[in-house]
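S.K.: Take a look and give me a structure for this.
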Amino acid sequence: MWNGRIVSNAPSDFLEAPIEGKFYERLTALVSRFEELETAISDPAIQKDRAHFQELLKEHGSAGARVGLFRTYLKILSGLEEAKSIIEEGDDPEIQELAAAEIDDLNEALREAARMVRSTILDQQVEGGDDCIIEIRAGIGGDEAALFAADIFKMYSLFSEQSRWKVEVLDERATDLGGYKEITFAVRGRGAFSRLCFESGGHRVQRVPTTESQGRIHTSAITVAVLQEAKETEMVVEESDLRIDTFCASGPGGQKVNKTASAVRITHVPTGIVVSIQDEKSQHRNRDKAMRVLRSRIKERQEQEKRQKEDALRRTLIGSGDRSDRIRTYNFPQNRVTDHRIGCTLYNLDRFVQGDLDELLRQLEAHDREERVQAL
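M.R.: Numbering: from 1, shown residues only. As a prediction, the model looks like this:
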């Protein structure tokens, strides 16, 4: 089974180039952060807050390999500069000769250290790339769009099952025909976000709807948003920033699911983000689910703003988060699925909608890796 790593196609001279400029500055900042974390995790007061302590340990562990390799790079660079200084300023011919002989070895070691630093960064999964929340919404196409939303939910559910991830429905707005106007669900498991993050955007379907009596092909669309699930410890939302409303939940056709005000609508006043959840009969459980979605949307908003400020680090396949971007077309008459971002067309749509996403996801991940090479 594929392990999620892709061999880089980047030229070796690029990988082995000197580490300098903004890349050097970012790695230096990472070392400083790593040293802060080392101090923090040894603090008994911080260790008492188990959840926060675990988060710091995870961040520390994630940065360890990069920091170690960059420190090695800096040590070799220091040795190289010292050898050059001896040659330029020294007055002992024998020592100068030894230093000159050492320079070739140090240059080779420096290139290898640079390659290791870059390769380690490129091989890393998206940070915190585990649990995620996926929102699917029917767009143009009425009932057919809602049915397509249900098909895509099933597709992700089957892929999650194959990947041994757990799927939990957080909220749904079902239609009389068995489709979804909206469905929000969590996917939990190792690497879930890092693999599914490429699914955000507009998905278009071309097929003959079950409701079409004359056999005509219709085009419908849905939008998908994949949010990295934000833990309560990393995304603290102040109660004073929230406006919470309750109302009676409703089902297809306006029928009441229950007569109590169990549905919850939470508005985050500073950002204007609104989340409504009515899936549970318990108001308390609906509120908990709504807060999970809200924290994740706020986190995504912050990440979006960060990507906009740091153009060089923007990941084009994760994109701006604009759900209106058309990323993929599913053509059922031709058994064809096309991803427009990388110009990839596969003629296995029958298997694709049954959760066989690996081939396309590998190509998306490979292209994303190349984009990160350029960003370095």
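S.K.: just checking, what packs against whichever helix or strand Asp245 is part of?
M.R.: Assigning secondary structure by DSSP states H and E places Asp245 in strand 242-247. If you count contacts as 3 or more CB pairs under 8 Å, 6 or more residues apart in numbering; DSSP states H and E, strand 242-247 packs onto strand 263-268. Glycine gets a C-beta too; all of them are placed from N, C-alpha and C.
S.K.: Tell me where the model's unsure across the stretch 151-300 of the chain.
M.R.: 233-234, 250-260 (pLDDT under 70).
S.K.: where exactly do the helices run in it?
M.R.: 192-196, 283-309 (DSSP state H, counting those that start in this stretch).
S.K.: And the contacts of the strand holding Asp245?
M.R.: Here strand 242-247 makes contact (CB atoms under 8 Å, 6 or more residues apart in numbering) with Ala261, Ser262, Ala263, Val264, Arg265, Ile266, Thr267, His268, Val269, Gln283, Arg287.
S.K.: Who are the contact partners of the second one?
M.R.: Okay, so that is Ser262. Thr246, Cys248, Ala249, Gln278, Glu280, Lys281, Ser282, Gln283, Asn286.
S.K.: can you do 6 Å?
M.R.: Contacts for Ser262 (CB atoms under 6 Å, 6 or more residues apart in numbering) come out as Ala249, Lys281, Gln283.
S.K.: if we can go back for a sec, so of the helices of the stretch 151-300 of the chain, which one's packed in deepest?
M.R.: helix 192-196 (a mean of 23; mean count of other CB atoms under 10 Å).
S.K.: Only C-alpha atoms, please: export the strand holding Asp245 in CSV.
M.R.: Extracted in CSV, the C-alpha atoms of strand 242-247 (Å, rounded to 0.1, in the frame of the first residue of the first chain):
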residue,chain,number,x,y,z
LEU,A,242,-20.5,34.5,20.5
ARG,A,243,-24.2,35.0,19.8
ILE,A,244,-26.2,31.8,20.4
ASP,A,245,-29.7,31.2,19.1
THR,A,246,-31.9,28.2,19.5
PHE,A,247,-34.8,27.0,17.4
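S.K.: Parallel or antiparallel, list what pairs with it.
M.R.: Strand 242-247 sits in its sheet next to strand 263-268 (antiparallel), going by DSSP bridges.
S.K.: What segments of the stretch 1-150 of the chain are strands?
M.R.: Here the stretch 1-150 of the chain has its strands, by DSSP state E, counting those that start in this stretch, at 132-138.
S.K.: now the helices: where do they sit in it?
M.R.: So, for the stretch 1-150 of the chain - with DSSP H, counting those that start in this stretch - the helices run 12-15, 21-41, 44-48, 50-89, 93-123, 142-162.
S.K.: Quick check: mean pLDDT of the third one?
M.R.: Going back to what we said before, that points to helix 44-48. For helix 44-48, the mean pLDDT works out to 90.
S.K.: same question, stretch 367-376
M.R.: 70.
S.K.: residues contacting the closest residue in space to Asn331 that isn't next to it in sequence?
M.R.: In space, and not counting its chain neighbours, Asn331 is closest to Gln206: 4.6 Å by CB to CB, 6 or more residues apart in numbering. Contacts for Gln206 (CB under 6 Å, 6+ apart) come out as Ile217, Thr219, Asn331.
S.K.: Buried ones only from those residues, please, as a PyMOL command.
M.R.: Only the buried entries of the contacts of Gln206 go into this PyMOL selection, using 16 or more other CB atoms under 10 Å:
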select buried, resi 331
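S.K.: just checking, which of the contacts of Gln206 belong to strands?
M.R.: Thr219, Asn331 (DSSP state E).
S.K.: In terms of distance to Arg369, which of the contacts of Gln206 ranks first?
M.R.: Nearest to Arg369 out of the contacts of Gln206 is Asn331 (CB to CB; 27.9 Å).
S.K.: ok, now how distant is the closest one from Phe153?
M.R.: As defined by CB to CB, to the nearest Å, Asn331 lies at a distance of 20 Å from Phe153.
S.K.: Equivalent analysis for Ala366, please.
M.R.: Counting by CB to CB, the gap from Ala366 to Phe153 is 27 Å.
S.K.: the more surrounded of these two?
M.R.: Comparing Ala366 with Phe153 by other CB atoms under 10 Å, the one with more neighbours is Phe153, at 21 against 14.
S.K.: Could you pull up the residues touching the more buried one?
M.R.: Ile136, Ile183.
S.K.: what pairs with the residue nearest to Asn331 across the strands?
M.R.: Here Gln206 shows beta-bridge partners Thr219, Asn331, assigned using DSSP bridges.
S.K.: Is Phe352 in contact with Val337, as I believe?
M.R.: Yes: between Phe352 and Val337 there is a contact under CB atoms under 6 Å: 5.1 Å.
S.K.: still on that earlier bit, so which of the contacts of Gln206 comes closest to Lys299?
M.R.: Checking the contacts of Gln206 one by one against Lys299 (CB to CB), the nearest turns out to be Thr219, at 33.3 Å.
S.K.: Would you format the helices of the stretch 1-150 of the chain as a markdown table with distance to Val169 included?
M.R.: Listed next are the helices of the stretch 1-150 of the chain as a markdown table, based on distance: least, CB to CB, whole Å:
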| stretch | distance to Val169 |
| --- | --- |
| helix 12-15 | 44 |
| helix 21-41 | 36 |
| helix 44-48 | 36 |
| helix 50-89 | 26 |
| helix 93-123 | 34 |
| helix 142-162 | 9 |
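S.K.: Of those, which is nearest Ile342?
M.R.: helix 93-123 (17.8 Å).
S.K.: Run the chain-centre distance for the closest one.
M.R.: Its chain's average C-alpha position is 35 Å from that of helix 93-123, according to CA atoms, centre = their mean, to the nearest Å.
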